[in-house]
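> this is a predicted model, with the sequence first.
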Amino acid sequence: MTLRRVQKKFLQACRTCHKVLETDKTVCPECQGNALTTEWFGYLVIIDSHNSDVAKKMNIKYNGRYALKVR
């Protein structure tokens, strides 16, 4: 029996729009900002941004994964 090492994927969040991205990204595709950090908390998935009260409260215009708090 051999153990395979699984490479863990770390995610990062944009400090400007809170979009959660893969670590291989260097620029946020939503706001074109490059202020990305791995220090974020909370995870939010927006499926229908036009009808979501949470999306309106957080000022989110597009569907996707977002961080609730970004440092």
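Perfect, I can see it now.

> all contacts plus neighbour counts: C-alpha atoms, from now on.
OK.

> how about stretch 19-34 as CSV, C-alpha atoms only?
The C-alpha trace of stretch 19-34 is given here as CSV (Å, rounded to 0.1, in the frame of the first residue of the first chain):
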residue,chain,number,x,y,z
LYS,A,19,-13.7,37.5,-4.8
VAL,A,20,-12.1,34.1,-3.9
LEU,A,21,-9.6,32.9,-6.5
GLU,A,22,-7.1,30.1,-7.0
THR,A,23,-3.5,30.8,-5.9
ASP,A,24,-2.2,30.7,-9.4
LYS,A,25,-4.0,34.0,-10.3
THR,A,26,-2.1,37.3,-10.0
VAL,A,27,-4.9,39.6,-11.0
CYS,A,28,-8.6,39.6,-10.0
PRO,A,29,-10.8,38.9,-13.1
GLU,A,30,-13.7,40.9,-11.6
CYS,A,31,-12.1,44.2,-10.6
GLN,A,32,-8.7,43.9,-12.3
GLY,A,33,-7.0,44.6,-8.9
ASN,A,34,-3.8,42.8,-7.8
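
> excluding chain neighbours, give the residue nearest to the most centrally placed residue in the chain in space.
Centrality entry for the chain: nearest residue to the mean C-alpha point is V20, 1.0 Å, by Cα atoms, centre = their mean. Leaving aside its sequence neighbours, V20 sits nearest to A13 (Cα to Cα, 6 or more residues apart in numbering; 4.3 Å).

> swap in Y66?
Using Cα to Cα, 6+ apart, the closest residue to Y66 is K19 (4.5 Å).

> tell me which residues touch the one you found, please.
Going by Cα atoms under 8 Å, 6 or more residues apart in numbering, K19 touches A13, C28, E30, G64, R65, Y66, A67.
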